[in-house]
Each structure stands twice: as C-alpha cells, then as structure tokens.
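In: Attaching a predicted model along with its sequence, questions to come.
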Amino acid sequence: MAEIELNARVLSRTDVTPALMILRVTPENWAIPAFEPGQFTVLGLPWEAPRVVLSDEEEPVPDPKAMIVRAYSIASSSRQNEYLEFYIALVPSGALTPRLFALQSGDRLYLSPRITGMFTLKEVPEDQDVVFLATGTGLAPYLSMLRTFLADSVTSRRLAVLHGARHSWDLGYQAELRAMERLYAGFRYFPVISRPTDEGCTWSGAVGYLQDLWNMGVVADAWGRDPGPRDTHIFLCGNPGMVEGMLSQLTDSGWEQHRSRRRPGQIHVEKYW
C-alpha cells in the first residue's frame, strides 16, 4: 500500500462552539474532482500530529507517523472548486477529531482526491419534494445539496430541513439557512433543541427531538398538505437513535427505504456513525 502523504491545507476554520467547527480545506497542486452534492471524502493526519487541549489523554501509539483517516460529508457546493468544506464535531476520546481541532489556517493535512457516496438527490424524481432530517453535523450533506441547487435555481421542488441539537448554539449554519428561507419560496427551515433549560435566554423555537418536530406537522403546515410516500422523499442523517426511530415510524406509515435502483424507496439513510 502506497504511503499516504499530506496533500492539502486548511484554508480557514470557523469555530461554531469549542466542540463544533467549519473547516475549509484546499488541495495542494491538484484539482478537486467533480462530485454529487451529498457525497463524502476522507481527511487524515498522522498520529504524531498534536491534539487539542479539550481532548482526552491518549495511550502511546506504535507508529507515530502512521495516518489516521476518517470519512466526512462535504458541506460545500459541488460548484465550488477552490475548497471543500466540512462540519466537524469534536470527539474528545477520538483519534482524528482532536487533531483536526488543533489545526489552524495554513496547516497541512491529507484530503482524499476520491469523492464517493450514494446519499444524493440523483435518484429522486424531479417532481418529488424532499424533507431533510439531521441531528448535529449530519446537516453537512444537505448543505451541499442546498448550496448547489438553491443558489443556482435549478430545482422547482419544495425542500425542508429539520435540524435538531441539544442547544441553540449547537445549531450551526442557522443564519445561512434562515437567509435561504427568505430568498427561496420553496425552502423551509425548522430547528429544534432538546435542552431548553440550559439556554442563557429564552428559546422561542421548537423544543424536543426531531421525531417530535416531525410529528408536530410543521412540514404539513408549511406546505399545506401532508407529505406522503407518493410525493415526498425523506433523507435521514445523524444520531443513530434518531435515524432508527424515524425509519421505523416512517415505514410503519407506508414509506419504504431506498436501497438501490432495483429496490427503490422514499427514505434515504446515511449511516453517519
């Protein structure tokens, strides 16, 4: 196996919270390949790379120069060819994220030139509306889709994002999503938090979990009709508990999971962790 080399640099980083960041990575002397919004690629750093202070202590590793690699969904538009953007949560006990959080602008890392994944809109018919459900950084692939298709006005379908987090400050990209909602009549954004008592000021939005938000009928109220498997596709990405819970509820209501072109369905699932 060929040795993996550092081949990209951090263009910028934006700290949403101490444990959430938006990382933009630009390749060194190679071009970002074409990709479909919703796909993912791989980031990597060697074990010898420093860890951020907020991370847990780590046992000594046998080969400090060996590369740690993990897959991350791309958040940037597929029409953006200067950099790839990633929405990353710190896992204090993890191997890679504590090292990614130690990076600053100009620092080098590994970025795979291979971009892949089936979690895209390619197999959703043009006449079908779409609801995106995400917890935490599971929002990333949807951002790529929205930034690509809404910004270029290449879709007439209705789109809705339901995004859940523990706290309001964990709802990354709020300002951008609310701006999209103002600019595009066919797009709606519904945030929800599960720990309102931790808020420093009163939270006026929805409270609970994504399943609760869906069951409130917010999409039906916004669209003026109940979304159903005949006219709407559902995308699920994020916490496994949310994904499994929504998958069970939707299938009980007549929706089917999309598995392939030969086994099509209206529920699209990304196994995020």
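Out: Alright, I've got the coordinates.
In: Can you find the helix or strand of the protein with the lowest average pLDDT?
Out: When the helices and strands of the chain are compared on mean pLDDT, DSSP states H and E, strand 206-207 comes out lowest with a mean of 91.
In: what's the offset of that one from the middle of its chain?
Out: 21 Å (Cα atoms, centre = their mean, to the nearest Å).
In: Can you give the strand pairings for it, parallel or anti for each?
Out: Each strand pairing with strand 206-207, determined using DSSP bridges, is listed with its direction: strand 187-193 (parallel).
In: ranges for the helices of the stretch 101-250 of the chain?
Out: For the stretch 101-250 of the chain, applying DSSP state H, counting those that start in this stretch gives helices covering 140-149, 174-183, 210-215, 218-223, 240-252.
In: what about the nearest residue to Gln80 once chain neighbours are set aside, distance to Glu85?
Out: Closest residue in space to Gln80, ignoring its immediate chain neighbours: Arg147 at 7.7 Å, by Cβ to Cβ, 6 or more residues apart in numbering. Yep, even glycine has a C-beta here, placed from its N, CA and C like the rest. To Glu85, Arg147 is 9 Å away according to Cβ to Cβ, to the nearest Å.
In: Same question for Ala95.
Out: Ala95 is 22 Å from Glu85, where distance means Cβ to Cβ.
In: what about these two, which has more around it?
Out: Residue environment comparison for Ala95 versus Glu85 gives the larger neighbour count to Glu85, 21 against 16, counting by other Cβ atoms under 10 Å.
In: so who does the more buried one touch?
Out: Listed by Cβ atoms under 8 Å, 6 or more residues apart in numbering, the contact set of Glu85 reads 22-25, 74-76, 143.
In: Where does it sit, in terms of helix or strand?
Out: strand 84-89 (DSSP states H and E).
In: ok, which stretches of the chain are strands?
Out: For the chain, the strands defined by DSSP state E cover 8-17, 20-27, 40-46, 67-73, 84-89, 108-111, 129-135, 159-165, 187-193, 206-207, 232-237, 267-270.
In: so the longest one versus helix 174-183, what angle?
Out: For strand 8-17 against helix 174-183, the angle by axes from the mean of the first three to the mean of the last three Cα atoms, to 10 degrees is 90 degrees.
In: List of residues touching strand 8-17?
Out: By Cβ under 8 Å, 6+ apart, the surrounding residues in contact with strand 8-17 are 21-28, 82-83, 103-111, 169-170, 172.
In: Which entries within those meet the buried criterion?
Out: The neighbour-count criterion (16 or more other Cβ atoms under 10 Å) marks 21-25, 27, 83, 103, 107-111, 170, 172 among these as buried.
In: Quick check: the farthest pair among those residues?
Out: Maximum pairwise distance in the buried ones among the contacts of strand 8-17, criterion Cβ to Cβ, is 29.8 Å, between Pro27 and Asp170.
In: give me the low-pLDDT residue ranges for the protein?
Out: Within the chain, the segments meeting pLDDT under 70 span 1-3, 152-155, 272-273.
In: So the residue nearest to Arg261 when sequence neighbours are not counted versus His233, what's the distance?
Out: By the measure of Cβ to Cβ, 6+ apart, the closest residue to Arg261 outside its immediate chain neighbours is Glu123, 6.5 Å from it. Glu123 is 9 Å from His233, where distance means Cβ to Cβ.
In: ok, these two, which is more surrounded?
Out: Under the neighbour definition other Cβ under 10 Å, Glu123 and His233 were set side by side, and His233 has more, 22 against 13.
In: The residue nearest to Arg261 is in contact with Arg259, isn't it?
Out: No: with contacts counted by Cβ atoms under 8 Å, Glu123 stays clear of Arg259, the gap being 10.5 Å.
In: need the contact list for Phe40.
Out: Taking Cβ under 8 Å, 6+ apart as the definition, contacts of Phe40 comprise 71-74, 115-117, 119, 141.
In: Report the beta-bridge partners for it.
Out: Legend: beta-bridge partners of Phe40 under DSSP bridges are Ser73, Thr116.
In: next one: His268
Out: Partner residues in beta bridges with His268: Phe235, with DSSP bridges as the criterion.
In: and it, how many neighbours does it have?
Out: Look at His268: counted by other Cβ under 10 Å, it has 22 neighbours.
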